[in-house]
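>>> Pasting a predicted model and its sequence here:
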Amino acid sequence: MSMESTAVAADADPPECPVCLSSFDAAAAVPRVLPCGHSLCGPCVASLPPASAAVPASLRCPLCSRCVPFSRAIGPSSLPKNLALLALLPSPSPSTPRAPAAAAAAPPPPLPLPLHAAHSRLLARFRHAVLPEPASPLRSAANPARLALGSLASDLGAPWFCARGDAVSLLPIDVAGAVGGRPPEQETPFYRPSHVARVLAAVGALSDAAREELAGLIAASARLPRLVCRVYGVWMDPEAPPLWMVSERHHRGISLLLEEERANAEETVARIGATGIELCEALMGLHGEGLVLGCLGLRSFCLDRFGHCLLDLNQALALCREIRAGAGSSNVGTFVAPEVVAVLGDASKMKDHDFIGLVGCCSDVWSLGCVLVALVTGDEQLAAGWDTDGSYDDWEKEVVTRLDVALVGTQLEPLSAIIASCLSYDPKGRPEVTDIWKCIGGSLMKSSVCAAPGDDLAADKSFRCLLLGELSSMFIESGADESDSKLQASRGSEENSSNQDDACSGGCTNNGVIDLPGIGQPQSGEVFKSSTLLAHRDCVTGLAIGGQFLFSSSYDKTINVWSLQDFSHLLCLKGHEHKITAIVAVDNDNHSLCISGDSGSAIFVWHVDSTLKEEPLNKWYVHNDWLYRGVHCLAVSDTGYLYSGGRDKSIKVWSLEDYSLRCTMTGHKSTVSCLAVASGILYSGSWDGTIRSWWLTDHTPLSVLEDDRPGSIAPVLSISTEANFVVSSYENGYFKIWKNDILVKSEKLRDGAISAVKLSGKWLYTGGWDKVINIKELLEDESEVELQDIASITCDSIITSILPWDGRLIVGLSNRDIKVYYKG
């Protein structure tokens with residue numbers, strides 16, 4: 001459930017602290033959970049006295065009078081936040097004054113974007129508009145400047161719900177020179193953006209106006225079912241540009257009505273009337289979305305399998321491009337209002353995009369009138385017979401005469417006058433689309449029609465004209481060369497469309513600079529780089545960052561220290577007698593501690609500062625049973641404790657003040673393989689297939705996270721936490737996501753084990769035996785959690801550890817290498 005769905009109404013009272021009765025907030029009065037389960041605000045927790053003089057590190061809950069442990073040295077931050085209460089707090093408004101304490105607090109510095117996030121900001125808006133790569137709607141090589149026809153190669157689920165083989169049309173969107181303009185062999189060998197990332201990179205390379213038009217068309221088509229052909233979204237061929245806008249397509253066009261025999265006049269008039277009503281409803285719906293076409297043609301409309309008329313936006317845009325390419329409005333099949341022709345001929349207005357007040361709904365009314373003339377008279381050439389040589393009056397008279405001949409004595413006789421008014425040279429003299437709808441509807445039903453659907457939708461709207469927009473100005477040069485042939489072939493093209501469907505010393509080595517098409521755009525010169533850190537002689541088992549240092553551990557029994565400034569090798573720490581299996585780092589005021597554990601049950605504490613001492617600060621042995629010895633994992637909490645897990649199925653708690661054993665936590669039935677700390681809770685994963693959570697305050701068990709579905713139980717290899725999410729990876733290739741201790745996602749990523757998983761913000765990294773790092777974006781919806789593929793990185797060996805840091809991705813491999821991926 002998202003924050004919006006759980007937030008209280010704006011006029012409802014926010015949750016209050018039961019002691020001081022002040023409202024909880026995320027800054028000054030954070031709700032803290034006592035070990036007894038009750039929640040108080042942080043200031044109240046800090047002000048409560050000890051439960052007794054003999055036990056100063058305690059307090060008595062004012063609600064249940066239970067004595068609970070409380071670290072006064074650390075304060076309220078030692079207690080976990082009540083995330084459920086925080087979710088109920090109303091979202092802060094920009095106009096709402098903040099509390100003085102919150103206003104005085106400096107905002108946190110912005111986090112640098114990860115190397116793959118150049119266009120992730122578009123994902124939230126376009127994630128349901130990117131067709132999956134297997135859809136592959138192109139059936140053959142197509143001219144990248146013309147409308148293409150195809151069909152879907154696979155079934156599509158939500159939100160499209162399309163079947164394999166459904167006919168589609170594909171309108172090219174010009175992103176050449178911005179995305180995909182480089183040959184495929186120049187792509188980086190190690191970093192492969194996902195299909196979604198490539199498409200979003202292409203969308204991001206468009207101008208703001210073109211991107212808004214594209215989003216508007218996709219959204220409008222989804223809101224206007226049964227009126228316009230559905231624009232499914234965008235798709236890009238994995239081998240070559242351009243970007244394609246994919247739309248629903250029907251084989252039959254309304255030009256078929258011109259070719260039908262008109263022996264039965266009444267039936268013909270009724271058919272034309274029903275089609276005219278649907279034409280009006282399509283335009284009214286589009287105007288209600290703030291869109292104006294600027295031109296129309298018979299091929300802008302099609303008939304679905306039930307005979308209903310739909311507006312085809314892809315065909316309409318293709319027609320707009322022909323006009324912009326210089327085809328003119330006097331060609332058969334193209335209907336452009338006089339005022340639009342004047343704007344197209346005014347170079348200064350086109351250059352300045354000065355169209356306000358010149359083009360609007362009345363321009364589409366003129367074009368609609370021409371479409372109705374063609375349908376009523378059966379003469380498309382008559383409807384397109386107007387030119388700019390001064391013969392407008394003569395043409396208008398001829399049209400009126402032909403309309404009278406066709407409609408006199410029929411049900412639609414009143415339509416003749418209103419079509420004539422649609423063709424008025426003065427835009428102010430034309431009727432509204434709703435007036436035409438009422439005229440046709442009233443004539444057919446022989447009664448007055450009071451209100452048209454969406455009668456007031458277009459009121460007080462600002463309109464975007466597609467003919468004068470960015471999408472219509474693409475491929476103008478190539479379109480000009482082919483416009484004549486396309487216009488001549490327009491009539492009857494729908495009937496033939498079905499036939500077209502078939503148709504080793506320590507150091508860092510730079511692995512080179514790789515230019516990545518698309519993802520680095522629109523900023524030119526952004527490239528991806530890879531460096532290799534060489535110092536270990538065996539498999540890298542762990543990575544940790546403390547202070548200004550990167551620590552790496554290995555089966556070669558050493559820890560190497562690297563500078564985070566230039567990744568130069570600084571120091572090699574030796575002392576372990578067995579393979580090092582776990583490593584963590586702790587930051588203090590003026591120095592860093594590196595803590596390592598090995599397979600011989602030894603734990604070493606290293607004091608690392610500018611002096612670069614090579615001797616351990618302390619060391620001791622744990623889990624020292626001869627059968628179950630060995631440290632498998634380590635974790636450190638803000639409460640001053642070190643946690644170690646091993647083969648003896650227990651978790652031992654050590655004080656970082658005197659390194660004494662404080663307690664042992666038991667519950668797992670096999671080796672404790674991984675540990676993670678977040679929000680006052682310790683999470684432990686085990687080879688028994690379960691994840692257990694423990695309070696950091698008193699080290700008591702909290703809950704057990706497990707999945708009992710058949711085939712899903714396997715050893716847990718890695719855990720990562722972020723906010724209220726816990727992500728775990730397993731030996732059988734699964735990874736699972738838990739939100740507030742509830743399993744929300746379980747997915748098998750590969751056949752081999754996933755040995756490393758890391759959740760950093762909304763980015764999820766996984767890697768394992770297949771030598772590929774998969775990068776996904778975690779998306780929270782109101783009802784579910786979604787994972788979107790972003791990219792993959794191919795490595796030279798099995799991935800053992802992953803560490804994102806400062807826009808870089810640091811990866812430990814089983815072949816002793818440490819890879820650093822970053823954007824230059």
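All right, it came through fine.
>>> which strands and helices sit next to the longest helix seen in the chain?
Longest helix of the chain, by residue count under DSSP state H: helix 265-288. Judged by 3 or more CB pairs under 8 Å, 6 or more residues apart in numbering; DSSP states H and E, helix 265-288 is in contact with helix 208-223, helix 256-259, strand 309-311, helix 361-377, helix 433-445. (C-beta placed from N, C-alpha, C; glycine too.)
>>> Just list the residues touching V811, thanks.
Each residue near V811 by CB atoms under 8 Å, 6 or more residues apart in numbering is listed here: 767, 773, 793, 795, 799, 801-803, 818-821.
>>> For the residues you listed, pick the one with the most neighbours.
The most crowded member of those, judged by other CB atoms under 10 Å, is G767 (30 neighbours).
>>> Quick check: closest non-adjacent residue to that residue.
Using CB to CB, 6 or more residues apart in numbering and skipping residues adjacent in sequence, the residue nearest G767 is I799, 3.1 Å away.
>>> separation between the one you found and F463?
Distance check for I799 against F463: by CB to CB, to the nearest Å, it reads 53 Å.
>>> next one: L85
L85 is 46 Å from F463, by CB to CB.
>>> picking up where we left off before, what comes up buried for the longest helix of the chain?
268-269, 271-288 (16 or more other CB atoms under 10 Å).
>>> what's the distance between that helix and the middle of its chain?
39 Å (CA atoms, centre = their mean, to the nearest Å).
>>> With only the CA atoms kept, save that helix in CSV.
Provided in CSV are the C-alpha atoms of helix 265-288 (Å, rounded to 0.1, in the frame of the first residue of the first chain):
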residue,chain,number,x,y,z
ALA,A,265,-30.9,5.4,-50.5
GLU,A,266,-32.5,5.1,-47.0
GLU,A,267,-30.0,2.5,-45.9
THR,A,268,-27.1,4.6,-47.3
VAL,A,269,-28.3,7.7,-45.5
ALA,A,270,-28.7,5.8,-42.2
ARG,A,271,-25.2,4.4,-42.5
ILE,A,272,-23.7,7.8,-43.3
GLY,A,273,-25.6,9.3,-40.3
ALA,A,274,-24.4,6.7,-37.9
THR,A,275,-20.8,7.2,-39.2
GLY,A,276,-21.2,10.9,-38.9
ILE,A,277,-22.2,10.7,-35.2
GLU,A,278,-19.2,8.6,-34.5
LEU,A,279,-16.9,11.0,-36.3
CYS,A,280,-18.3,13.8,-34.2
GLU,A,281,-17.9,11.9,-30.9
ALA,A,282,-14.2,11.1,-31.8
LEU,A,283,-13.4,14.7,-32.4
MET,A,284,-15.4,15.9,-29.3
GLY,A,285,-13.4,13.4,-27.2
LEU,A,286,-10.1,14.6,-28.6
HIS,A,287,-11.0,18.2,-28.1
GLY,A,288,-11.9,17.4,-24.5
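>>> And for the helix or strand following it, what's in contact with it?
Counting by DSSP states H and E, the element after helix 265-288 in chain order, helix or strand, is strand 291-292. Outside strand 291-292, the residues that touch it by CB under 8 Å, 6+ apart are 216-217, 220, 286, 359-361, 363-364, 463-466.
>>> Give me the distance between the closest residue to A274 other than its chain neighbours and L372.
On the basis of CB to CB, 6+ apart, the spatially nearest residue to A274 that is not a chain neighbour turns out to be L444, at 7.5 Å. Taking CB to CB as the measure, L444 falls 14 Å from L372.
>>> which one of these two has more residues nearby?
A direct count of neighbours by other CB under 10 Å for L444 and L372 places L372 higher, at 26 against 18.
>>> can I assume that one is in contact with G276?
Yes: between L372 and G276 a contact is recorded at 5.9 Å, counting by CB atoms under 8 Å.
>>> Now for the two: what residues contact both?
415, 436.
>>> Quick check: S363 touching E339?
Yes: counting by CB under 8 Å, a contact exists between S363 and E339, whose distance comes to 6.3 Å.
>>> hmm, back to that, relative to helix 361-377, how tilted is the longest helix of the chain?
On the basis of axes from the mean of the first three to the mean of the last three CA atoms, to 10 degrees, helix 265-288 is oriented at 160 degrees to helix 361-377.
>>> Taking helix 433-445 as reference, get the angle to helix 265-288.
150 degrees.
>>> Quick check: pLDDT value at the nearest residue to S136 once chain neighbours are set aside.
Among residues not flanking S136 along the chain, A153 sits closest, at 4.0 Å (CB to CB, 6+ apart). Here, the pLDDT recorded for A153 equals 89.
>>> ok so, going back, what angle do the longest helix of the chain and helix 208-223 make?
Going by the same axes, to 10 degrees, helix 265-288 is angled at 130 degrees with respect to helix 208-223.
>>> hang on, the earlier thing: specify the local secondary structure of the residue nearest to S136.
Using DSSP: H, G, I helix; E, B strand; the rest coil, the structure places A153 in coil.
>>> What residues does it make contact with?
Per CB under 8 Å, 6+ apart, neighbours of A153: 134-137, 164.
>>> go on, C20?
With CB under 8 Å, 6+ apart, C20 has these contacts: 41, 43-44.
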